[in-house]
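> 3D, please:
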Amino acid sequence: MADKAVRLTTYLAGGIENCSKDEALNFRDELREKLNHPDLLIYDPIKQEASKVGKQSYEQVERIKGLKRAGHKETFYEEMWKIWFGSINQNTDLIHLLINLRMRKHIDGNFRSQISAWGDAEAVVRSDFIIVHLPNSVRSIGTIYEVVFAYLFRIPIYLIVPDAPATEVNSSLLFGTQISNGKGNFKIYRSVNECVKAVKEDFKLV
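Residues are numbered from 1 along each chain as shown. Sure, this is the predicted structure:
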(Lines give C-alpha, C1' and ligand atoms only; values in the text may rest on other atoms or scores of the structure.)
Protein backbone atom coordinates (compact mmCIF):
# COMPACT_ATOMS: atom_id res chain seq x y z
CA MET A 1 0.00 0.00 0.00
CA ALA A 2 1.43 3.39 -1.02
CA ASP A 3 2.46 5.79 1.70
CA LYS A 4 0.06 8.72 1.79
CA ALA A 5 0.57 12.22 3.13
CA VAL A 6 -1.03 12.65 6.52
CA ARG A 7 -3.54 15.42 7.26
CA LEU A 8 -1.92 16.53 10.53
CA THR A 9 1.46 16.32 12.25
CA THR A 10 2.40 17.12 15.83
CA TYR A 11 5.57 17.16 17.89
CA LEU A 12 5.72 16.12 21.58
CA ALA A 13 8.03 18.59 23.31
CA GLY A 14 9.22 18.30 26.90
CA GLY A 15 12.14 17.54 29.14
CA ILE A 16 14.56 14.69 28.48
CA GLU A 17 17.97 15.57 29.90
CA ASN A 18 17.08 17.38 33.13
CA CYS A 19 14.25 15.21 34.40
CA SER A 20 13.64 11.62 35.42
CA LYS A 21 13.04 8.90 32.86
CA ASP A 22 9.43 8.60 34.00
CA GLU A 23 8.88 12.35 33.67
CA ALA A 24 10.16 12.23 30.10
CA LEU A 25 8.32 9.09 29.04
CA ASN A 26 4.97 9.04 30.83
CA PHE A 27 3.32 12.10 29.32
CA ARG A 28 4.53 11.18 25.83
CA ASP A 29 3.23 7.62 26.15
CA GLU A 30 -0.13 8.93 27.34
CA LEU A 31 -0.39 11.47 24.52
CA ARG A 32 0.52 8.91 21.87
CA GLU A 33 -2.11 6.52 23.18
CA LYS A 34 -4.92 9.05 23.57
CA LEU A 35 -4.26 10.95 20.33
CA ASN A 36 -3.75 7.88 18.17
CA HIS A 37 -5.61 8.58 14.92
CA PRO A 38 -4.99 7.68 11.25
CA ASP A 39 -5.06 11.38 10.31
CA LEU A 40 -2.39 12.36 12.84
CA LEU A 41 1.35 11.75 12.62
CA ILE A 42 2.90 12.03 16.09
CA TYR A 43 6.63 12.74 16.28
CA ASP A 44 8.00 11.62 19.64
CA PRO A 45 11.69 12.62 19.86
CA ILE A 46 12.44 9.85 22.34
CA LYS A 47 11.10 7.20 19.96
CA GLN A 48 12.83 8.72 16.94
CA GLU A 49 16.24 9.35 18.49
CA ALA A 50 17.48 5.79 18.22
CA SER A 51 17.19 5.83 14.42
CA LYS A 52 19.34 8.96 14.22
CA VAL A 53 22.12 8.17 16.69
CA GLY A 54 21.97 4.41 17.05
CA LYS A 55 21.20 4.48 20.79
CA GLN A 56 18.12 4.68 22.97
CA SER A 57 17.41 8.21 24.15
CA TYR A 58 18.64 7.80 27.71
CA GLU A 59 21.80 6.03 26.60
CA GLN A 60 22.46 8.96 24.27
CA VAL A 61 21.85 11.50 27.05
CA GLU A 62 24.51 9.81 29.16
CA ARG A 63 26.89 9.61 26.19
CA ILE A 64 26.48 13.34 25.49
CA LYS A 65 27.04 14.21 29.14
CA GLY A 66 30.20 12.14 29.06
CA LEU A 67 31.46 13.84 25.91
CA LYS A 68 31.04 17.36 27.29
CA ARG A 69 32.57 16.46 30.66
CA ALA A 70 35.57 14.88 28.94
CA GLY A 71 36.04 17.93 26.71
CA HIS A 72 35.33 16.14 23.41
CA LYS A 73 33.86 19.27 21.89
CA GLU A 74 33.80 18.26 18.24
CA THR A 75 32.22 14.85 18.90
CA PHE A 76 29.70 16.49 21.23
CA TYR A 77 28.75 18.87 18.42
CA GLU A 78 28.38 16.03 15.91
CA GLU A 79 26.08 14.06 18.21
CA MET A 80 23.93 17.08 19.07
CA TRP A 81 23.65 18.01 15.39
CA LYS A 82 22.30 14.54 14.59
CA ILE A 83 19.56 14.99 17.18
CA TRP A 84 18.53 18.47 16.08
CA PHE A 85 19.18 18.39 12.32
CA GLY A 86 19.71 14.75 11.28
CA SER A 87 21.94 14.38 8.21
CA ILE A 88 21.52 17.97 6.95
CA ASN A 89 24.81 19.70 6.05
CA GLN A 90 26.30 21.42 9.10
CA ASN A 91 27.26 24.55 7.15
CA THR A 92 23.65 25.29 6.22
CA ASP A 93 22.26 28.72 7.07
CA LEU A 94 19.75 27.86 9.78
CA ILE A 95 17.19 30.58 9.04
CA HIS A 96 16.88 29.55 5.40
CA LEU A 97 16.94 25.90 6.40
CA LEU A 98 13.95 26.24 8.73
CA ILE A 99 12.01 28.20 6.11
CA ASN A 100 12.71 25.57 3.46
CA LEU A 101 11.71 22.71 5.77
CA ARG A 102 8.45 24.49 6.56
CA MET A 103 7.75 24.97 2.85
CA ARG A 104 8.40 21.28 2.17
CA LYS A 105 5.59 20.47 4.56
CA HIS A 106 3.21 22.73 2.63
CA ILE A 107 4.34 21.67 -0.85
CA ASP A 108 5.07 17.95 -0.47
CA GLY A 109 3.18 17.00 2.68
CA ASN A 110 4.38 14.81 5.54
CA PHE A 111 4.69 11.03 5.29
CA ARG A 112 5.05 8.47 8.06
CA SER A 113 7.91 6.81 6.18
CA GLN A 114 9.99 10.02 6.29
CA ILE A 115 10.14 10.86 9.95
CA SER A 116 13.07 8.60 10.86
CA ALA A 117 15.28 10.97 8.83
CA TRP A 118 14.00 14.17 10.46
CA GLY A 119 15.92 15.99 13.13
CA ASP A 120 13.93 17.50 15.97
CA ALA A 121 14.04 20.98 14.42
CA GLU A 122 12.59 19.68 11.16
CA ALA A 123 9.87 17.80 13.03
CA VAL A 124 8.80 20.97 14.82
CA VAL A 125 8.63 23.21 11.75
CA ARG A 126 6.80 20.53 9.74
CA SER A 127 4.12 20.26 12.43
CA ASP A 128 0.58 21.63 12.34
CA PHE A 129 0.73 22.10 16.10
CA ILE A 130 3.04 21.09 18.92
CA ILE A 131 2.28 19.88 22.41
CA VAL A 132 4.63 21.15 25.13
CA HIS A 133 4.72 19.45 28.54
CA LEU A 134 6.75 21.68 30.82
CA PRO A 135 6.22 21.55 34.58
CA ASN A 136 7.55 24.57 36.45
CA SER A 137 9.83 22.13 38.28
CA VAL A 138 11.59 20.97 35.08
CA ARG A 139 14.33 22.98 33.35
CA SER A 140 14.51 22.15 29.65
CA ILE A 141 16.36 24.46 27.28
CA GLY A 142 15.70 22.20 24.28
CA THR A 143 11.97 22.56 24.87
CA ILE A 144 12.33 26.34 24.79
CA TYR A 145 14.17 26.08 21.45
CA GLU A 146 11.19 24.12 20.14
CA VAL A 147 8.75 26.74 21.41
CA VAL A 148 10.77 29.43 19.61
CA PHE A 149 10.82 27.46 16.35
CA ALA A 150 7.05 27.03 16.62
CA TYR A 151 6.18 30.63 17.33
CA LEU A 152 8.47 31.90 14.55
CA PHE A 153 6.16 30.04 12.14
CA ARG A 154 2.95 30.69 14.11
CA ILE A 155 2.53 26.96 14.71
CA PRO A 156 -0.09 26.52 17.47
CA ILE A 157 1.36 25.57 20.85
CA TYR A 158 -0.64 23.50 23.34
CA LEU A 159 1.07 23.92 26.71
CA ILE A 160 0.62 21.47 29.59
CA VAL A 161 1.83 22.76 32.97
CA PRO A 162 0.70 20.19 35.54
CA ASP A 163 2.15 21.80 38.64
CA ALA A 164 1.11 25.46 38.37
CA PRO A 165 -1.82 27.63 37.24
CA ALA A 166 -1.43 29.73 34.09
CA THR A 167 -0.87 32.85 36.21
CA GLU A 168 2.36 31.32 37.55
CA VAL A 169 3.82 30.17 34.21
CA ASN A 170 6.89 32.03 32.96
CA SER A 171 5.75 35.21 31.21
CA SER A 172 7.99 34.83 28.16
CA LEU A 173 6.78 31.26 27.69
CA LEU A 174 3.17 32.44 27.82
CA PHE A 175 3.96 35.24 25.37
CA GLY A 176 5.48 32.69 22.97
CA THR A 177 2.29 30.66 23.03
CA GLN A 178 0.29 33.82 22.35
CA ILE A 179 2.41 34.60 19.30
CA SER A 180 1.45 31.19 17.93
CA ASN A 181 -2.15 31.01 19.08
CA GLY A 182 -3.29 34.64 18.88
CA LYS A 183 -2.79 37.29 21.53
CA GLY A 184 -6.06 36.60 23.31
CA ASN A 185 -5.77 32.84 23.14
CA PHE A 186 -3.95 30.83 25.79
CA LYS A 187 -3.90 27.08 25.15
CA ILE A 188 -2.74 26.06 28.61
CA TYR A 189 -3.79 22.90 30.43
CA ARG A 190 -3.18 21.24 33.78
CA SER A 191 -3.36 17.67 32.49
CA VAL A 192 -2.83 15.52 29.41
CA ASN A 193 -6.56 14.73 29.35
CA GLU A 194 -7.52 18.42 29.15
CA CYS A 195 -5.05 18.99 26.34
CA VAL A 196 -6.16 15.90 24.40
CA LYS A 197 -9.79 17.02 24.61
CA ALA A 198 -8.89 20.47 23.21
CA VAL A 199 -6.75 19.06 20.38
CA LYS A 200 -9.46 16.61 19.32
CA GLU A 201 -12.06 19.36 19.26
CA ASP A 202 -9.85 21.88 17.44
CA PHE A 203 -8.73 19.46 14.74
CA LYS A 204 -11.86 17.28 14.58
CA LEU A 205 -10.05 14.08 15.49
CA VAL A 206 -13.05 11.86 16.20
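
> below-threshold pLDDT in the protein: ranges please.
Low-confidence segments of the chain, defined by pLDDT under 70, are located at 1-2, 50-58.

> quick one: the strands in it?
Along the chain, the stretches classed as strands by DSSP state E are 8-14, 40-43, 129-133, 157-160, 188-189.

> give the pairing partners of the shortest one; include direction for each.
Put plainly, it is strand 188-189. Applying DSSP bridges, strand 188-189 is found paired with strand 157-160 (parallel).

> name the residues that touch the strand it pairs with?
For strand 157-160, the surrounding residues in contact (Cβ atoms under 8 Å, 6 or more residues apart in numbering) are 27, 129-134, 147, 150-151, 169, 173, 176-177, 180-181, 186-192, 194-195, 198-199. Bear in mind the C-beta positions are built from the backbone N, C-alpha and C, glycine included.

> could you rerun that using 6 Å?
With contacts defined as Cβ atoms under 6 Å, 6 or more residues apart in numbering, strand 157-160 is touched by 130-133, 150, 177, 180, 187-189, 195.

> give me the buried entries from the residues you listed.
Buried residues within the contacts of strand 157-160, counting neighbours by 16 or more other Cβ atoms under 10 Å: 130-133, 150, 177, 180, 187-189, 195.

> tabulate those (a markdown table), appending distance to residue 70.
Below are the buried ones among the contacts of strand 157-160 laid out as a markdown table (distance: Cβ to Cβ, whole Å):
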| residue | distance to residue 70 |
| --- | --- |
| 130 | 33 |
| 131 | 35 |
| 132 | 32 |
| 133 | 31 |
| 150 | 34 |
| 177 | 38 |
| 180 | 39 |
| 187 | 42 |
| 188 | 40 |
| 189 | 41 |
| 195 | 39 |
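
> could you dump the strands of the chain into TSV and include distance to residue 121?
Shown next, in TSV, are the strands of the chain (distance: least, Cβ to Cβ, whole Å):
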stretch	distance to residue 121
strand 8-14	10
strand 40-43	11
strand 129-133	12
strand 157-160	16
strand 188-189	24
